[in-house]
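# What would the 3D arrangement of this be:
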Amino acid sequence: MSTNDLPAPETGLLLTHFLTVSDVARSRAFYADIFGGQIVLAENPCIVKVANSWIIMNPGGGPTPDKPGITLRPPEATDTVSAFLNVRVADIAAFYTDARNKGAEFLTEPLDRKAEIRCYLSDPDGYLIEIGQATGMLEGIFADPPAEPS
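Numbers count the residues shown, from 1 in each chain. Predicted coordinates:
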């Protein structure tokens, strides 16, 4: 491991994403395999560098002095999501085929949404991941606004 691989900027800031996972080894393998991630640290915390970002993973736990009153745990099985990873790709058809061949299970095949083509999959803990390729938005075509409530 090179210290250049760690999410530690020399100036300014960079953004990482932390996931509370139930099985670090399983999640580490998922992000390394499906997204071609580089395992920077295997445990405590697990850090996987994916493209130009890092995913940091650890099991859940109770409050600590720097986060009093906060407990971390993986998502519970539900169809309600408040946040998700958003991955942009250059060729969604190639990514979709490659990821399925590696065992990824998508909710649907890639669908054309006018501004982009996108699809979703879940990681081993149920975190939702959007995979998208900009198409129409590159030409000023955007998705329809949400319908007005009746």
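# so how far is the longest helix along the chain from its chain's centroid?
As assigned by DSSP state H, the longest helix anywhere in the chain is helix 24-35. The chain centroid and the centroid of helix 24-35 are separated by 11 Å, computed with Cα atoms, centre = their mean, to the nearest Å.
# what sits up against that helix?
By Cβ atoms under 8 Å, 6 or more residues apart in numbering, the surrounding residues in contact with helix 24-35 are 19, 21, 37-39, 42-43, 46, 48, 50-51, 55, 57-59, 87, 99, 102-104, 123-125. All C-beta atoms are positioned from the backbone trio N, CA, C, and that covers glycine.
# list the helices and strands the very next helix or strand once past it packs on?
Counting by DSSP states H and E, the next helix or strand C-terminal to helix 24-35 is strand 38-41. Using 3 or more Cβ pairs under 8 Å, 6 or more residues apart in numbering; DSSP states H and E as the contact criterion, the elements in contact with strand 38-41 are helix 24-35, strand 46-50.
# who's in contact with the last one?
Spelled out, it's strand 46-50. Among residues not part of strand 46-50, those counted as contacts by Cβ under 8 Å, 6+ apart are 5-7, 21, 24, 27-28, 31-32, 35-41, 54-58.
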